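> coords please:
(one chain, ligands or ions: 1)
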Amino acid sequence: MKILITGSRGQLTRELQLELAGDGKVLALGHNVLDLADPAQIREQVRLLRPDLIINAAAYTAVDPAEREREQAFAVNARGPGVLAEEAARLGVPLVHYSTDYVFDGRKAGAYIEQDPPRPLGVYGASKLAGEQAIQAVAGEQLILRTSWVYSLHGKNFLLTMQRLLQERDELSVVADEIGAPTWARSIARTTGAMIRRWRDGQRPLEGLYHLSAEGETSWYGFACSIAEHLQNQGTLRARIEPIRSCDYPTAAQRPLNSRLDCSRLQRDWDLQLPDWESALHECLNAPCAIQLARHAALQQSL
Ligand SMILES: NC(=O)C1=CN([C@@H]2O[C@H](COP(=O)(O)OP(=O)(O)OC[C@H]3O[C@@H](n4cnc5c(N)ncnc54)[C@H](O)[C@@H]3O)[C@@H](O)[C@H]2O)C=CC1
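Predicted structure coming up:
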């Protein structure tokens, strides 16, 4: 099986490459080879490589800069995925695509289900929603997985930023009124891998819209406290963490206060459930390369 993955250095792309390495030939195409803002290049690469499956794990993910780079966000997150869907349909192969909790405005009292009407608060969320719609407008086999608060040991994410700041600073203020589920990129990749293998074995088509995030919920403050606890156990924690309200931490893009995704449809249809966010974080922080990274950071601090 030949699997084309967009992106090569993103958090999720890296984990998907590892997860799917045993399932066939994985072609992870970086930005320089396949630019999602360039429809002609997308068509050219897909027609040249003729994959059996396309996974779109790349995206314009900079939530605040998107407010002033609207055109680029929509080109990458909306029009590019639409072209990918057209090319996948032309080849008769499935497209797996990722979307976000930021398609919602966060005003619902409980966790969001797939049928809840989306209402993005910012350009990033609007561009991702437009991407879902561009894909759904094409007749073909498409699986759209909405996830939330993605972290890993690579790239730019809350976990790595907190690890650094908690070791550098004396005090840190973290937003405590936005609620969601921090989701390890590896958990997403493992679940995606399980779905792909069932499709390969003829058990289910790769179709539909699903919410896919870690079990449980917390705030960014709660997430930061768990990271701090880990650093405390290692003896490298320096900062004290202060909870603040999001209105006291203004950002270019407004974020939903409630990012909780109800993942029961995934469990019902696929019998799949991601681990709860705390156990996934624990596993991530105790992965061999996490320990190496932490030692490296501690060494840098002592130099
Ligand atoms: N990071 C997060 O907190 C969340 C991410 N998601 C979604 O999950 C998916 C994976 O996100 P991450 O791995 O965290 O993203 P990431 O920011 O780690 O990686 C994104 C990748 O897309 C590539 N990229 C950017 N512009 C491109 C272009 N024009 N053409 C080709 N590649 C381009 C980047 O080079 C990078 O490799 C995305 O669809 C994202 O929207 C959903 C919810 C939260």
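> per-residue confidence at M195?
The model reports M195 with a pLDDT of 98.
> Okay, it and the ligand: tell me how far apart.
Per C-beta to the nearest ligand atom, to the nearest Å, M195 is found 15 Å from the ligand. All C-beta atoms are positioned from the backbone trio N, CA, C, and that covers glycine.
> Which strands and helices lie in contact with the one helix or strand that residue maps to?
M195 is part of helix 185-200 when elements are defined by DSSP states H and E. Helix 185-200 sits against helix 11-20, strand 95-100, strand 142-147, strand 150-151, helix 264-270, helix 277-285, with contacts defined as 3 or more C-beta pairs under 8 Å, 6 or more residues apart in numbering; DSSP states H and E.
> Just want the angle from it to helix 11-20.
Using axes from the mean of the first three to the mean of the last three C-alpha atoms, to 10 degrees, one finds that helix 185-200 and helix 11-20 are set 50 degrees apart in direction.
> and the residue of the stretch 201-303 of the chain nearest the ligand?
S213 (8.2 Å; C-beta to the nearest ligand atom).
> hang on, the earlier thing: pipe the helices and strands packed on helix 185-200 into CSV and attach mean pLDDT and mean neighbour count per row.
Below are the helices and strands packed on helix 185-200 laid out as CSV (pLDDT from 0 to 100; neighbours: other C-beta atoms under 10 Å):
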stretch, mean pLDDT, mean neighbour count
helix 11-20, 97, 22
strand 95-100, 98, 25
strand 142-147, 98, 23
strand 150-151, 98, 24
helix 264-270, 98, 15
helix 277-285, 97, 19
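> still on that earlier bit, alpha carbons of the helix or strand following the helix holding M195, as PDB, please.
Downstream of helix 185-200, the next assigned helix or strand under DSSP H and E is strand 208-211. The C-alpha coordinates for strand 208-211 follow below in PDB (Å, rounded to 0.1, in the frame of the first residue of the first chain):
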ATOM      1  CA  GLY A 208     -17.700  10.300   8.000                       C
ATOM      2  CA  LEU A 209     -17.000  13.100  10.400                       C
ATOM      3  CA  TYR A 210     -15.700  12.100  13.900                       C
ATOM      4  CA  HIS A 211     -14.600  13.800  17.000                       C
END
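> Enumerate every residue touching the most centrally placed residue in the chain.
With distances taken as C-alpha atoms, centre = their mean, V150 lies nearest the centre of the chain, 4.5 Å away. Residues in contact with V150 (C-beta atoms under 8 Å, 6 or more residues apart in numbering) are 11-12, 157, 183-185, 188.
> how far away is it from Y98?
9 Å (C-beta to C-beta, to the nearest Å).
> shared neighbours, those two?
12, 188.
> In contact with the residue of the chain found nearest the ligand: list those residues for me.
At 2.5 Å from the ligand, G10 is the closest residue in the chain, using C-beta to the nearest ligand atom. Residues in contact with G10 (C-beta under 8 Å, 6+ apart) are 57-59, 61, 155.
> Near the ligand, list only the ones from those residues.
Counting by C-beta under 6 Å from any ligand atom, 57-59, 61, 155 from the contacts of G10 sit close to the ligand.
> Helix or strand for R238, just tell me which one.
Per DSSP H and E, there is no helix or strand for R238.
> got the end-to-end distance for stretch 263-283?
Criterion C-alpha to C-alpha, to the nearest Å; first-to-last residue distance in stretch 263-283 is 21 Å.
> same question, stretch 208-215
Taking C-alpha to C-alpha as the criterion, the two ends of stretch 208-215 lie 21 Å apart.
> just stretch 106-120 next, same as before
Across its full length, stretch 106-120 reaches 9 Å between end residues, using C-alpha to C-alpha.
> can you check stretch 119-128 too?
Length of stretch 119-128, first residue to last, C-alpha to C-alpha: 11 Å.
> so how far is it off the chain centroid?
Mean-position distance between stretch 119-128 and its chain equals 15 Å (C-alpha atoms, centre = their mean, to the nearest Å).
> Check which residues of that stretch are buried.
Within stretch 119-128, the residues that qualify as buried are 120-128, counting by 16 or more other C-beta atoms under 10 Å.
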